[in-house]
Structures are given as structure tokens and as C-alpha cells.
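Trainee: whatever this is, show me its structure:
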Amino acid sequence: MHSHATCPPPPREADNRTGPDNRMSADNRMTPGDFDATFTADMPRLRRRLLALTGNPHDADDLLQETYLRLSRRARSQSLTRQQHPYAYTCAVALNLLRDSWQHPSRRERTTDQLPEAGWDGGLASYEASATALALLGMLSEKEAAAVILVDLEGLTHDTAGERLGAHRGTVQRNRLRGLAKMRAALHH
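Mentor: Got it, this is the predicted structure:
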């Protein structure tokens, strides 16, 4: 009885792939076209096997792709020999890749709820954003700019901004809305 983590073993037979001087014969190597046809034929069966092993269709597809890439490189370099049991060989390669990912968890992708770090551009994007924001704020009246800065940039409530400015919350809200409208209009021109 086979466990889910193994592929059916190929039957033992004499190795007739080598010539009299134990070198690989050129006619026994797979061409890239032969490999593609063989892999395509075995792909649905191999995907089902990998899905059963990983329990995740995305991981199974990633593993299937990595297996294809690994073997196709060898086929393109003419170092992949014809296999008597191509499915068993392909399955063994896929299982080795899977075991490798288990043994080296640092090579696995990890899901996270954090966004990746912003790309390093020497601070140019930050500088451009600051320059644009300052130019837009410069178009506003002092009251409008103060309301936008306190509420939108510093995150204060209308009440707290009103206390700082010595104005009613409604006045802060109106100045902020007017200022944002002017800024949007300037950006769309």
C-alpha cells in the first residue's frame, strides 16, 4: 500500500540507456518538444497528487509550475533522458521540491496582513508629495489651510481643531470643505 507522499515506483529493469563506454547516448535524450508533450499529458494527474499532498490548490499549482521549470531547463539543455515511466519520474521531482520546501521554510511564501515596504527611491516620491501638498495648501486662505492641516494631516476632530483655532467646530468644518474643494479643483486642472 502506497502512502500519499510517494509516487508509484518504476519497475526495476536493466539500464539500456548507456552505450558500451557507459556514456549517455544522444538519441536517449528528450527534446524540449517531447518533454512538453509528456509533461502536458501527465499534468492533470500530477496536479491531483500535489493537491492531495498540499491541501491547497495554490500551493499545488506553484509546485506544479516549479516542477515544470526544473525539468524543462534540463530538457532545453539536452540533459534530460527519456524515462521509461515519465509520470513516476516527474512525481519524484515534485515530491523532492515539496520536501525541500518543508525542510527550508524560509523559501516558502508567507501570507501576511501587512503591506510591503515602499520601494526605495531616495526619497523622491516623498519629496514630490510634500512639494505638491505645500503648493496646494499655499492656494488656500489661512483659515482653510489650518482646518485642512489640523483635521486631514494631523488627524484631529473638528471639535479639537476648533479649540486650537478658537473657532466653532462648524466653522472649521466649512473652512476644511472649502479648502479641500479648491485643492481637488487644482489637481484636476
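
Trainee: contacts for the longest helix seen in the chain?
Mentor: For the chain, the helix with the greatest residue count under DSSP state H is helix 32-54. Contacting residues not belonging to helix 32-54 are listed as 4-5, 7, 30, 57, 59-61, 63-64, 67-68, 71-72, 75-76, 80, 82, 86-87, 90-91, 94-95, 98 [C-beta atoms under 8 Å, 6 or more residues apart in numbering]. All C-beta atoms are positioned from the backbone trio N, CA, C, and that covers glycine.

Trainee: try it again with 6 Å
Mentor: 4, 57, 60, 63-64, 68, 75-76, 86-87, 90 (C-beta atoms under 6 Å, 6 or more residues apart in numbering).

Trainee: the helix or strand just after it - contacts with which helices or strands?
Mentor: Downstream of helix 32-54, the first helix or strand assigned by DSSP states H and E is helix 57-76. On a contact count with 3 or more C-beta pairs under 6 Å, 6 or more residues apart in numbering; DSSP states H and E, helix 57-76 meets helix 32-54, helix 86-103.

Trainee: let's have those in TSV, adding mean neighbour count.
Mentor: TSV is the format used below for these (neighbours: other C-beta atoms under 10 Å):
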stretch	mean neighbour count
helix 32-54	16
helix 86-103	17
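
Trainee: for those, give me TSV that also has distance to Ala181 and mean pLDDT.
Mentor: Output for these, formatted as TSV (distance: least, C-beta to C-beta, whole Å; pLDDT from 0 to 100):
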stretch	distance to Ala181	mean pLDDT
helix 32-54	53	88
helix 86-103	54	86
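
Trainee: reformat those as JSON lines; add distance to Thr171.
Mentor: Output for the helices and strands packed on helix 57-76, formatted as JSON lines (distance: least, C-beta to C-beta, whole Å):
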{"stretch": "helix 32-54", "distance to Thr171": "61"}
{"stretch": "helix 86-103", "distance to Thr171": "61"}
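
Trainee: and of those helices, who's closest to Gln173?
Mentor: Nearest to Gln173, of all the helices and strands packed on helix 57-76, is helix 32-54, at 54.1 Å by C-beta to C-beta.

Trainee: perfect, that will be all.
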